[in-house]
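*Asks:* Please find the sequence and the predicted model below.
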Amino acid sequence: MVTIHIIFTVAIQNQWSVTQLDMSNAFLHGELVDEVFMKQPMGFIDSQLPQHVCKLHRSIYGLKQSPRQWFNRFTSYLQTLGFCFSKADPSLLIFTQNKICSFILVYVDDILVTGNNNDHIQGVLRKLQQEFRLKQLGDISLFLGIQVIKNNNNYFLHQEHYARDLLTIAGFKDCKPSNTPLGMKPRIQPDDQPYSVPTHFRKLAGSLQYLSITRPDIVFATNNICQHMHSPRNRDYQDLKRLLRYVKATLDFRLPISTDNLNLRVYTDTDWASDQADRKSVSGFYIFLESTLISWHAKKQATVAKSSTEAEYRSLSSATSDTIWLRRLLAEFHIPQLQPTLIYCDNTSAIAIAHNPVFHARTKHIEIDYHFINDHIKNGAIQLHHISSEDQIADINLTKPLPAKRFNILRSKLNIRPLNR
């Protein structure tokens, strides 16, 4: 999804069109390398040899090798046309020659194409049409269930139809809206009884997880709910209902992709020992390409942190990893980050350790793989800045629930808004 956000950002910045393709019977194009046999299908059983099996010469739907073989077949043909794989994202193929730049992003049989030379793109599409059963769906409007609206110099990504269907399935079509995705105060007498229909809970939780693709404001709440999918309780269902009521209140919210200076900036935050069950911390970060939000993350840390500094340092390390990857990906889109990427953190001790990771009593127990931050500071890839907790954008429900006023202020800084605002 991050690569998709970047493709839209680059296209709108350079006024390129983004064309969507769809492959008919994509998996049937794959060529099998291994020997695979199948039972004779119903209705086509040889009456004289009913126990015999069929040897497959091509991949078919339902075969676990089919997606991989289709991808190999399609990308191999693109390589004959001069495309090469991105080193940062293997789903992205790039053509660069004689000042012509074309990009093809592949997600199974849904494909996005953009570039600076329309004649070259049309030539590639004609060759693909001769080789595969290709549908040209025109300018991007719906991709992987995400609706794309182009308005002046912006794209807006949203899943309003998907969210409405989700509310209808959940029985919340006419529910009372909520102004935040999570409540602030724990219930005095939490209901620990198992939820009566766990499969219903899991279906809704999984659907909310997909909705968070364009809704970073519900990431933490969804993450919190999905942690209880294996054995949901009535109290967990109450949290899920609260989130659905928030979705009802914000159905028309969109994620904008804007034109601007294409410089990365990162906000990272942690809520130390926030999980009362296991005392693990929750990390979160937002990554902007100037004013466009392109990546976000909320996750419980794998181990218990002994201090808030350690928890923040781990979150900083995770954000740094994504930042370095994004710098490489942007370079392949010919958007080199000439200046160090600014990472904003509200913990001065974590910043101090990042600049000088001395293994004294407070840090010697921290795993060594977290101590790569200093290397990237020295080589000029990143630069750490302190930011006050009041201005910390990553505070917005990536790590903990917030009051409605504070939540709305920080949500506005993410630029998530209705189309007409």
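*Replies:* Nice, thanks for sending it over.
*Asks:* State the distance from the residue sitting furthest away from the middle of the chain to Leu402.
*Replies:* Distance to the chain centre peaks in the chain at Gln48, reaching 53.2 Å (criterion: C-alpha atoms, centre = their mean). Using C-beta to C-beta, to the nearest Å, Gln48 is found at 72 Å from Leu402. Every residue, glycine included, has its C-beta placed from N, CA and C.
*Asks:* what do you get for Val2?
*Replies:* Taken as C-beta to C-beta, the span from Val2 to Leu402 is 25 Å.
*Asks:* Looking at the two, which is more packed in?
*Replies:* Counting neighbours by other C-beta atoms under 10 Å for Val2 and for Leu402 shows that Leu402 has the greater number, 20 against 17.
*Asks:* which ones are touching the most centrally placed residue in the chain?
*Replies:* With distances taken as C-alpha atoms, centre = their mean, the residue of the chain nearest its centroid is Met1 (4.3 Å). Shown in contact with Met1 (C-beta atoms under 8 Å, 6 or more residues apart in numbering): Ile213.
*Asks:* Let me know the pLDDT of it.
*Replies:* Looking at Met1, its pLDDT reads 88.
*Asks:* what does Asp239 give?
*Replies:* pLDDT, Asp239: 91.
*Asks:* Next: Leu255.
*Replies:* 89.
*Asks:* Mind listing residues that contact the strand or helix carrying it?
*Replies:* Using DSSP states H and E, Leu255 maps to strand 253-258. Residues from elsewhere that reach strand 253-258, judged by C-beta under 8 Å, 6+ apart: 5, 8-9, 12, 149, 153-158, 214-217, 290-293, 415-419.
*Asks:* do the same with stretch 116-136
*Replies:* In contact with stretch 116-136 (C-beta under 8 Å, 6+ apart) are residues 14, 16-17, 19-26, 29, 74, 77, 81, 95, 99-102, 104, 113-115.
*Asks:* Confirm that Lys150 sits in a strand.
*Replies:* Yes. Assessed by DSSP: H, G, I helix; E, B strand; the rest coil, Lys150 belongs to a strand.
*Asks:* List the residues that contact Asn356.
*Replies:* Asn374.
*Asks:* can you point me to the longest helix in this protein?
*Replies:* Scanning the chain for the helix with the most residues, using DSSP state H, yields helix 308-332.
*Asks:* following that helix, which helix or strand comes up?
*Replies:* Of the helices and strands lying after helix 308-332 in sequence (DSSP H and E), the nearest is strand 341-345.
*Asks:* That following strand - contacts with which helices or strands?
*Replies:* strand 264-271, helix 308-332, strand 382-386 (3 or more C-beta pairs under 8 Å, 6 or more residues apart in numbering; DSSP states H and E).
*Asks:* Comparing the ones you listed, which comes out most buried?
*Replies:* Per-stretch averages of neighbours, counted by mean count of other C-beta atoms under 10 Å, single out strand 264-271 among the helices and strands packed on strand 341-345, with a mean of 26.
*Asks:* Dump it to PDB, restricted to CA.
*Replies:* C-alpha atoms of strand 264-271 as PDB (Å, rounded to 0.1, in the frame of the first residue of the first chain):
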ATOM      1  CA  LEU A 264      10.000  12.700   4.000                       C
ATOM      2  CA  ARG A 265       9.200  13.400   7.700                       C
ATOM      3  CA  VAL A 266       8.400  10.900  10.400                       C
ATOM      4  CA  TYR A 267       6.600  11.100  13.800                       C
ATOM      5  CA  THR A 268       7.100   8.200  16.200                       C
ATOM      6  CA  ASP A 269       5.600   7.600  19.700                       C
ATOM      7  CA  THR A 270       5.100   4.800  22.300                       C
ATOM      8  CA  ASP A 271       2.800   4.200  25.100                       C
END
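*Asks:* and the angle for it with strand 341-345?
*Replies:* 20 degrees (axes from the mean of the first three to the mean of the last three C-alpha atoms, to 10 degrees).
*Asks:* Strand 264-271 pairs with which strands, parallel or anti?
*Replies:* strand 282-289 (antiparallel), strand 341-345 (parallel) (DSSP bridges).
*Asks:* And the average pLDDT for that strand is what?
*Replies:* Averaged over strand 264-271, pLDDT sits at 89.
*Asks:* what's the spacing between it and its chain's center?
*Replies:* Computed by C-alpha atoms, centre = their mean, to the nearest Å, the chain-centroid distance of strand 264-271 equals 16 Å.
*Asks:* for stretch 55-63, same thing?
*Replies:* 31 Å.
*Asks:* contacting residues around that stretch?
*Replies:* Residues from elsewhere that reach stretch 55-63, judged by C-beta under 8 Å, 6+ apart: 27-32, 35-38, 65-66, 69-70.
*Asks:* can we see that at 7 Å?
*Replies:* Identification of contacts with stretch 55-63 by C-beta atoms under 7 Å, 6 or more residues apart in numbering yields 27-28, 30-32, 35-38, 65-66, 69-70.
*Asks:* First residue to last residue on it, what's the distance there?
*Replies:* Start and end residues of stretch 55-63 are separated by 13 Å (C-alpha to C-alpha, to the nearest Å).
*Asks:* buried stuff in that stretch?
*Replies:* 59, 63 (16 or more other C-beta atoms under 10 Å).
*Asks:* nearest to Asn408, of the strands paired with strand 264-271?
*Replies:* Taking C-beta to C-beta, strand 282-289 is the member of the strands paired with strand 264-271 nearest to Asn408, at 16.4 Å.
*Asks:* What are the buried residues along that closest one?
*Replies:* For strand 282-289, using 16+ other C-beta under 10 Å, the buried residues are 282-289.
*Asks:* I'd like those as CSV, with distance to Tyr246 and pLDDT appended.
*Replies:* Output for the buried residues of strand 282-289, formatted as CSV (distance: C-beta to C-beta, whole Å; pLDDT from 0 to 100):
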residue, distance to Tyr246, pLDDT
Val282, 19, 82
Ser283, 22, 84
Gly284, 18, 84
Phe285, 22, 90
Tyr286, 19, 90
Ile287, 24, 92
Phe288, 23, 92
Leu289, 27, 90
